[in-house]
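> Sequence and predicted structure, then a few things I'm wondering about:
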Amino acid sequence: MEVGTSCLHKKYTSNGLSCCIVDPRSSWKRKIGTLSGFEQYPLFRGRRNSIWGTVRCASLGSGLYPKPRRRPTPIPGNFDVGPDLDDGRLAKSANSGLCQQIENLVFFRRYREALELFEILSSRDGGSDGGGGDVVGLSTYDSLVSACIGTGSVGDVKMVFRHMLETGFEFDQYMRNRVLLMHVKCGMIIDARQLFEEMQERNIVSWNTMISGLVDAGVYEDAFRLFLLMWEECSAASARTFASALRASAGLGIALSGRQLHSCVVKMGLSTDTFISCALIDMYSKCGCISEAQWVFDEMPEKTVVGWNTIIAGYALHGYSEEALDLYYEMHDSGVKMDHFTYSIIIRICARLASLEHAKQAHAGLVRNGFGLDIVANTALVDLYCKWGRMDDARNVFDKMPKKNAISWNALIGGYANHGQGNEAVNMFERMLKEGFVPNHVTFLAVLSACSYSGLFDKGWQYFESMTHKHKIKPRAMHYACMIELLGREGLLDDAFALIREAPFSPTANMWAALLTACRVHKNLELGKLAAEKLYGMQPEKVGNYIVLLNIYYSTGRSAEAAKVLETLKKRGLRLLPACSWIEIKKQPYRFLFADKSHPESDEIYRRLDELMEHLVEMGYSPNGKSLLPDVGAHEEQASIYHSEKLAVAFGLTSTPNGTSLQVVQGHHICQDCHTVIKLITRVTGRYIVIRDASRFHHFRDGSCSCGDYW
DNA sequence: TTAGGGTTAG
């Protein structure tokens, strides 16, 4: 069956196609991959014992669904909740049963109350009798399914589903799909898999629900497999199916499969569907094809708010923050009403651009347009203020949030950690636990780095050990790196090295880098050399590692080894780029190369730089930690960071009232074509400053690299 | 017939 040709002319109904499968298990053993070309990807090839691979399914018993029968007649009723319910008490009206009240509550989205009422009902004798003569029928169960989806509670799902089974409720296709959806939406993907597997009859909605659920659960590979199987079993797919399959492609980051889906969509005449267009934009941008995403966006007949959001998020995802901001203003001019998604995206872009002016406008717009309580946008705001070092503002936004989740806590704890307020980070972490929030690996990364940064040695170890024993979270490489840093700060280099060897996985570059940093500080050349050599072996393309190794060899007088390193560099075609900094003054970018003397006032600039550095050192600033050993003349990232810091000082971008340090915290945006650092953000006394930003003239929107011209 | 689809935060 060729998707691109004949199969598209097969019988296809957009409203749904019933697919009767006599023995699903036997059919699942058949070869998959009927879509033209999909077989070529290793991901979708090879062993497959079952459609779910090796995932174990929780036992729900078999034969959950008896043979369908005619649906019970819905209970008629008035959808007005009534004043007695508003008081939180049960209705006493003689003709208003509990079932009806449950349905009414759900209609008004009062899910929790509806489920509490159902709990009372189900605890009564018989279960199926609602006390007032009510029979829990399809319409009530349907409402309860909506209530469970609304609360997202696993306990509620179990309660409702158990009641359905115990009372002998007879499921029809509609209710089978609704129950499947209930499990999927509440994150019970293993149970949902089994329910789907045990379905004796499935229609297009069942397939779509399951595929979408797998995508939601992040099991993209299985979602795509199921999509392929659907094609084989049903020869049909709707726009909804493609939307989910595109999400799976986006999750996998496989542009080729996404392109094939795009081709299918066009041939099926679905390319004007708004949902499909948005899914395509998202898929292309997440697969790194931003120009194709832009093309799909341009072709959208009606550009919806989701379309705008998706393309803006796409540009932001690839570091094109200025372009994303331009699009945001274009969106504003187009008259499309922004939603809470828009503000969340924009606030994050502002955080990255270090643009307080735009951030303030976005914050104001968020509140003005009624999204001031949105958890995602507020979390983005907390992160933004943290990045700006405005911890009071961050805390203020956080405290006013009506609902919080682990991500919100992580943003704040991480903020305190990054600003050296280790004790505050630890206090917030303790409060998070006390309030019943479940920490995750990001939380521990934040709190461990806080302990490391602030020298809270005992606390750090206590939390690190609690990860495994109390919270059942397996420490990852970054957690180990934090602990290595923690030990390193105490000068316990042998213990740090022992931790690397004892890790239950192969040491990563981050772990060796943490050890190397500690070795620099404590002048342990032997161990430092070992760590640098490990890094050199693990990241052979990273020029920075060669520099470190070169520095170590030069400092110990090992010129022969140093020469070998330089030779290796030459063989590999790696070149040491001169350090370069940009700074924007009154919208005019200025560029300075390392040791650059081309500026007409360079003598004055360097004199001023030296003066300022002396002044900074007097106040306690220490530029160490960047290089243990003398420079070798040619520089790359490490040297350029130091260069940028000096430049920041030279242009008066810092005030160091109490001898604070300058620290690069934002990482680098590196050109994928030429591996040049095109953007660098430096934090200077709590302020975030874009100290180097070549992105607007480095790349064009079609992705071509302009570094040849620029350099 | 109902039910199933796209974008956001650490």
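That came in fine, so what should we check first? Numbers count the residues shown, from 1 in each chain, chains lettered A, B, ... in the order given.

> what about the strands in chain A?
Counting by DSSP state E, the segments of chain A that form strands are A:18-20, A:201-203, A:580-585, A:588-593, A:662-670, A:677-684, A:687-693.

> Show the average pLDDT along the longest one.
Per-residue pLDDT over strand A:662-670 has a mean of 38.

> And for stretch A:478-496?
This predicted structure assigns stretch A:478-496 an average pLDDT of 94.

> got it, and stretch A:196-203?
Over the span of stretch A:196-203, the pLDDT mean works out to 91.

> Stretch A:226-236 now?
85.

> and it, anywhere near DNA strand B?
No. Using Cβ under 7 Å from any atom of the strand, stretch A:226-236 never reaches DNA strand B; the gap is at least 8.5 Å. Any C-beta I mention is one placed from the backbone N, CA and C, and that applies to glycine too.

> Identify the residues contacting the residue nearest to A:L214 when sequence neighbours are not counted.
Spatially, and ignoring its direct neighbours in sequence, A:L214 is nearest to A:A223 (3.7 Å; Cβ to Cβ, 6 or more residues apart in numbering). By Cβ atoms under 8 Å, 6 or more residues apart in numbering, the contact set of A:A223 is A:211-212, A:214-215, A:244-245, A:247-248, A:251.

> Could you do A:E435 as well?
For A:E435, no residue counts as a contact, taking Cβ under 8 Å, 6+ apart as the criterion.

> For the residue nearest to A:L214, report the pLDDT, please.
The predicted structure scores A:A223 at 96 on the pLDDT scale.

> quick one: it from DNA strand B, how far?
Using Cβ to the nearest atom of the strand, to the nearest Å, A:A223 is found at 10 Å from DNA strand B.

> Also A:Y416?
The span separating A:Y416 from DNA strand B equals 12 Å under the rule Cβ to the nearest atom of the strand.

> what's the answer for A:A509, then?
21 Å.

> That residue touches A:G537, doesn't it?
No. Taking Cβ atoms under 8 Å as the definition, A:A509 is not a contact partner of A:G537, at 9.8 Å.

> Who has more neighbours out of these two?
Applying other Cβ atoms under 10 Å to A:A509 and A:G537 shows that A:A509 carries more neighbours, namely 18 against 11.

> What does the pLDDT read for the more buried one?
We note a pLDDT of 92 for A:A509 in this prediction.

> can you tell me how far it sits from A:L535?
Separation of A:A509 from A:L535 (Cβ to Cβ, to the nearest Å): 6 Å.

> and what of A:P507?
Using Cβ to Cβ, one obtains 10 Å as the distance from A:P507 to A:L535.

> OK, contacts around the closest residue to DNA strand B within the stretch 101-250 of chain A?
Closest contact between the stretch 101-250 of chain A and DNA strand B, by Cβ to the nearest atom of the strand, is at A:A239 (2.7 Å). By Cβ under 8 Å, 6+ apart, the residues touching A:A239 are A:14, A:270, A:273, A:275-276.

> mind listing what's buried in the longest helix seen in chain A?
Once chain A is assigned using DSSP state H, the helix that runs over the most residues is helix A:602-618. Buried residues in helix A:602-618, counting neighbours by 16 or more other Cβ atoms under 10 Å, are found at A:605-606, A:608-609, A:612-613, A:616.

> Including pLDDT and distance to DNA strand B, could those residues go into JSON lines?
Formatted as JSON lines, the buried residues of helix A:602-618 follow (pLDDT from 0 to 100; distance: Cβ to the nearest atom of the strand, whole Å):
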{"residue": "A:I605", "pLDDT": "73", "distance to DNA strand B": "35"}
{"residue": "A:Y606", "pLDDT": "76", "distance to DNA strand B": "38"}
{"residue": "A:R608", "pLDDT": "74", "distance to DNA strand B": "36"}
{"residue": "A:L609", "pLDDT": "72", "distance to DNA strand B": "33"}
{"residue": "A:L612", "pLDDT": "70", "distance to DNA strand B": "32"}
{"residue": "A:M613", "pLDDT": "71", "distance to DNA strand B": "32"}
{"residue": "A:L616", "pLDDT": "65", "distance to DNA strand B": "29"}
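
> Turn those into TSV, columns for distance to A:S408.
Formatted as TSV, the entries for the buried residues of helix A:602-618 read as follows, by distance: Cβ to Cβ, whole Å:
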residue	distance to A:S408
A:I605	44
A:Y606	46
A:R608	44
A:L609	41
A:L612	39
A:M613	40
A:L616	36
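
> rewinding a little: among the contacts of A:A223, which one is most surrounded by other residues?
Neighbour counts for these, by other Cβ under 10 Å, peak at A:A245, which reaches 32 neighbours.

> Skip the chain neighbours and tell me the closest residue to that one.
Taking Cβ to Cβ, 6+ apart, and ignoring the residues beside it in sequence, A:A245 has A:F227 as its nearest neighbour in space, at 4.5 Å.

> count of residues packed around that neighbour?
What A:F227 shows, counting by other Cβ under 10 Å, is a neighbour count of 28.

> The one 3 residues further on too?
Neighbour count of A:M230, defined by other Cβ under 10 Å: 23.

> Next, the contact list for it, please.
A:207, A:211, A:236-237, A:241.

> what do you get for A:A248?
Residues in contact with A:A248 (Cβ under 8 Å, 6+ apart) are A:211, A:214-215, A:220-221, A:223-224, A:227.

> what's the answer for A:E604, then?
Under the criterion of Cβ under 8 Å, 6+ apart, the contact list for A:E604 is empty.

> do A:M428 as well
A:M428 makes contact with A:409, A:412-413, A:416, according to Cβ under 8 Å, 6+ apart.

> Below-threshold pLDDT in the stretch 601-711 of chain A: ranges please.
Flagging of the stretch 601-711 of chain A using pLDDT under 70 yields the residue ranges A:616, A:619-711.

> Any idea which residue of the stretch 501-650 of chain A lies closest to DNA strand B?
As assessed by Cβ to the nearest atom of the strand, DNA strand B sits closest to A:N510 within the stretch 501-650 of chain A, at 16.9 Å.

> That residue reaches A:C482, doesn't it?
No. Using Cβ under 8 Å as the test, A:N510 is too far from A:C482 to be in contact (9.4 Å).

> more crowded one of the two?
Here A:N510 and A:C482 are set side by side on neighbour count (other Cβ under 10 Å), and the busier one is A:C482, at 28 against 17.

> domains of chain A?
A:6-248, A:580-710 (automatic domain parsing).

> Tell me the residues of the stretch 251-400 of chain A that contact DNA strand B?
Residues of the stretch 251-400 of chain A lying near DNA strand B by Cβ under 7 Å from any atom of the strand: A:270, A:273-276, A:278-279, A:282, A:304-307, A:309-310, A:313, A:317, A:339-341, A:344-345, A:348, A:351, A:374-377, A:379-380, A:383.

> Which among the residues you listed count as buried?
Among those, those that count as buried by neighbour count (16+ other Cβ under 10 Å) are A:270, A:273, A:276, A:278-279, A:282, A:306-307, A:309-310, A:313, A:317, A:339-341, A:344-345, A:348, A:351, A:374-377, A:379-380, A:383.
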